[in-house]
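Peer 1: Below are the sequence and a predicted model; questions follow.
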Amino acid sequence: MKIRTKRSTILALARCACWTLFGLALACARPAMAVGHWVALANTAPDSVELMLLLSDGTVMAANNPSDITGATGSKWYRLTPDNHGSYVNGTWEMRAQAGYSRLFYSSEVLQDGRVFVAGGEYGTGTATAEIYSLLGDSWTTLPASGQTFRDSNSKVLPNGRVLVAPVSPTTGNGTVIYDPVANSWSAGPSSGATQDEASWVKLPDGSILTVDHDSTSSERYIPSSNQWIADGTVPVALYATLSGYIGETGPAFLLPDGRAFFLGGSGHTAYYTPSGNSSPGTWTTGPDIPNGLVAADAPGAMMANGKILCAVAPAPYVDSGGNAQFPTPTSFFEFDPVANAFTQVASPTGGLTDDIASYVATMLDLPDGTVLYSHVEQGNLFYSGFGSQLYVYVPDGAPVASGKPIITGISLNSDGSYHLTGLGLNGISEGAAYGDDAQMNSNYPLVRLADSSGVYYAFTYDWTSTGVMTGNAPVSTEFRLPAFLAAGSYELSVVANGISSDPISFNGPVYVDFNYSGFEFGTALFPFSTMAQGVASVPVGGEIVLEGAGSSSETMTISKPMTITAINGPSTIGN
């Protein structure tokens, strides 16, 4: 856990100036390398936002931290929707339902059914609680008590859809708990070999979860099939920052496109992990130190579509003469290229080489368009309630990693009007952006995107069969529902995972008919036609008519173009 204090404005300005000059000198000394660039969102959020989660309908859900997090009745949440061209830079914000409890630095996951799970908080009124948000109902539900206090709690969605959470100060030593979204109940999980406070977890291709034990060079893995933690290899360098009297800090960790894991250390060191491919321990090797003596002690990062890692780093934390842990400014930004095994400094989102913030008050999120969404505090405000309302996206250079491209193998209509999509690699090759125990924003699940000459639209995906990464040639699937306002017509449909898109396939948006409907009639699911004649006239050649509801119509017509007619609420009869 952390105690953070605001630094002197004069010292901060002096430090910022020194680091800026130092960074400029380094920039002049090294050769130019291809990197991405920042773009400010055209519309600011309604309030400051911190944690950002990608929902399975392509929108972003962002949390607001109240000015008095400990006394607030509940955290506010906002939603960013891309514009009709799929642009998040030009997206619009709206307020969503307020949660029942306030929380900051907590567990967060998007579940297989598309709902959002949150638990605990280092600060706030929700430390011993968990809640679930329903996108379809725009509502929060408080979960049954777990008997735990969640602080700095890591979490992962398991292959069976349950959520593994590692509370800090658990009721059982080094214990974990597991939440079952179907049964809406908690159960005890296995104990790890050491506390998972301030640790970072990485999901590997075999479904296991890799961690480096706190203030240690020992690693271990959680094995879902046996529901056990097993000891793994020894890290050749210390990754945790040393803070006398405080628990050490480390940075984010990622699964790389080549199958290795990469850990950014709060010590400034980095390390690679190569899985053995079986139950044996993997192999750890030393990576390059973060440049300029900077560290990733509580800091965000993002695996970009091009296979490089965007990361925010800062000077090493320390304990001042008063015994307070300090997290210095400014924050610098780097791209790490695992192929070149090298860091390259990039500009800050606000101009120059650094931002006058501490790295722990910044967050990132992978977006479906291949960019990275970034949030940080207002300039000069290091209190945890000061996250800013001006967000940015980072646009990487180069092409997406070829091995990360999903493949669509088939689409079929379900009996309830939803669709079933099968394919390969629908979850992507990484979990996306990362932070560590303070925030999880994993996005290794499929999104369905449709495009035509008039715009870009996202379906709502749910019940994806895999929660893994790098699933290879194993068939996986997802269900999806079309947007209620989607017009009938021909679309290019693609699956996106962490910003990498499949090749598009042709998809005919259906025409909807409901004989009992009255009102605006556009042939969409929300505003269907009320006669078969309207549906037949509107459906394209080879298209589909979906009959909603019950009832009948005594229409007589000749159908002279090929089409599919499907009733989604029971059997239907055409003709006498």
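Peer 2: Now that the structure is in, tell me what you want to look at. Residues are numbered from 1 along each chain as shown.

Peer 1: C-alpha only now, for contacts and for neighbours.
Peer 2: OK.

Peer 1: Just the helices from this protein, written as ranges.
Peer 2: Ranges of helices within the chain are 9-29, 532-538, based on DSSP state H.

Peer 1: mean pLDDT for these: which is lowest?
Peer 2: Of all those, the segment with the smallest mean pLDDT is helix 9-29, scoring a mean of 34.

Peer 1: Next, count neighbours for the residue lying closest to Ala305 once chain neighbours are set aside.
Peer 2: By the measure of C-alpha to C-alpha, 6 or more residues apart in numbering, the closest residue to Ala305 outside its immediate chain neighbours is Pro400, 4.8 Å from it. Here the count is done by other C-alpha atoms under 10 Å, and Pro400 has 18 residues near it.

Peer 1: give the contact list for Pro400.
Peer 2: Contacts here follow C-alpha atoms under 8 Å, 6 or more residues apart in numbering; on that basis Pro400 touches 305-307, 500.

Peer 1: show me the biggest strand of this protein in terms of residues.
Peer 2: If you go by DSSP state E, the chain has its longest strand at strand 489-497.

Peer 1: Show me the contact partners of that one.
Peer 2: Under the contact criterion C-alpha under 8 Å, 6+ apart, strand 489-497 has outside partners 368, 404-408, 426-428, 443-452, 501-510, 539-540, 543.

Peer 1: Quick check, pLDDT for Gly380.
Peer 2: Here, the pLDDT recorded for Gly380 equals 42.

Peer 1: List the buried residues of stretch 501-514.
Peer 2: By 16 or more other C-alpha atoms under 10 Å, the buried positions in stretch 501-514 come out as 501-502, 504, 507-514.

Peer 1: pLDDT on that stretch, on average?
Peer 2: Confidence over stretch 501-514, taken as the mean pLDDT, stands at 94.

Peer 1: now swap in stretch 430-444 and tell me
Peer 2: Computed over stretch 430-444, the mean pLDDT rounds to 94.

Peer 1: One more: stretch 315-324?
Peer 2: For stretch 315-324, the mean per-residue pLDDT is 92.

Peer 1: now could you export just the CA positions of it as CSV?
Peer 2: Provided in CSV are the C-alpha atoms of stretch 315-324 (Å, rounded to 0.1, in the frame of the first residue of the first chain):
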residue,chain,number,x,y,z
PRO,A,315,12.5,9.1,-11.2
ALA,A,316,12.8,6.5,-8.4
PRO,A,317,10.5,6.9,-5.3
TYR,A,318,12.2,7.6,-2.0
VAL,A,319,11.4,8.1,1.7
ASP,A,320,11.9,11.7,2.8
SER,A,321,13.2,12.9,6.2
GLY,A,322,9.8,12.9,7.6
GLY,A,323,9.3,9.2,6.8
ASN,A,324,6.9,9.9,3.9
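
Peer 1: Identify the residues contacting it?
Peer 2: Judged by C-alpha under 8 Å, 6+ apart, the contacts made with stretch 315-324 from elsewhere in the structure are 3-5, 241, 243-244, 266-268, 293-295, 297, 325-331.

Peer 1: Now find how far off-centre it is within its chain.
Peer 2: The chain centroid and the centroid of stretch 315-324 are separated by 32 Å, computed with C-alpha atoms, centre = their mean, to the nearest Å.

Peer 1: next one: stretch 510-530
Peer 2: Going by C-alpha atoms, centre = their mean, where stretch 510-530 is centred and where its chain is centred differ by 35 Å.

Peer 1: Just the C-alphas of that stretch, formatted as PDB.
Peer 2: Only the C-alpha atoms of stretch 510-530 are listed here, as PDB (Å, rounded to 0.1, in the frame of the first residue of the first chain):
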ATOM      1  CA  PRO A 510     -31.100  -7.900 -41.600                       C
ATOM      2  CA  VAL A 511     -34.500  -6.200 -42.100                       C
ATOM      3  CA  TYR A 512     -36.700  -6.500 -39.100                       C
ATOM      4  CA  VAL A 513     -40.500  -7.100 -39.300                       C
ATOM      5  CA  ASP A 514     -43.000  -7.200 -36.400                       C
ATOM      6  CA  PHE A 515     -46.600  -7.600 -37.300                       C
ATOM      7  CA  ASN A 516     -47.700  -6.200 -33.900                       C
ATOM      8  CA  TYR A 517     -45.500  -3.100 -34.000                       C
ATOM      9  CA  SER A 518     -46.800   0.500 -34.500                       C
ATOM     10  CA  GLY A 519     -44.700   3.600 -34.600                       C
ATOM     11  CA  PHE A 520     -41.700   4.800 -36.600                       C
ATOM     12  CA  GLU A 521     -40.900   2.100 -39.100                       C
ATOM     13  CA  PHE A 522     -37.300   1.900 -40.500                       C
ATOM     14  CA  GLY A 523     -36.800  -1.800 -40.600                       C
ATOM     15  CA  THR A 524     -34.300  -1.900 -37.700                       C
ATOM     16  CA  ALA A 525     -34.500  -3.900 -34.500                       C
ATOM     17  CA  LEU A 526     -35.600  -0.800 -32.600                       C
ATOM     18  CA  PHE A 527     -38.100   0.400 -35.300                       C
ATOM     19  CA  PRO A 528     -39.200  -2.600 -37.300                       C
ATOM     20  CA  PHE A 529     -41.500  -2.700 -40.300                       C
ATOM     21  CA  SER A 530     -45.000  -3.900 -39.600                       C
END
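
Peer 1: count of residues packed around Ser225?
Peer 2: As a burial measure, the neighbour count of Ser225 was computed by other C-alpha under 10 Å and equals 11.

Peer 1: Over to it: give its phi and psi.
Peer 2: As for Ser225, its main-chain torsions (degrees, to the nearest 10) stand at phi -60, psi -30.

Peer 1: Look at it and report its pLDDT.
Peer 2: The per-residue confidence score, pLDDT, reads 95 for Ser225.

Peer 1: Repeat that for the one 10 residues further on.
Peer 2: pLDDT, the model's per-residue confidence, is 98 for Val235.

Peer 1: Give me the nearest residue to Ala399, chain neighbours excluded.
Peer 2: Leaving aside its sequence neighbours, Ala399 sits nearest to Asn306 (C-alpha to C-alpha, 6+ apart; 5.6 Å).

Peer 1: which residues does the one you found contact?
Peer 2: 396-401 are the contacts of Asn306 under C-alpha under 8 Å, 6+ apart.

Peer 1: shaky segments in the chain?
Peer 2: The chain contains residues with pLDDT under 70 at 1-33, 66-72, 378-387, 576.

Peer 1: try it again with 50
Peer 2: Across the chain, the ranges flagged by pLDDT under 50 are 1-32, 379-386.
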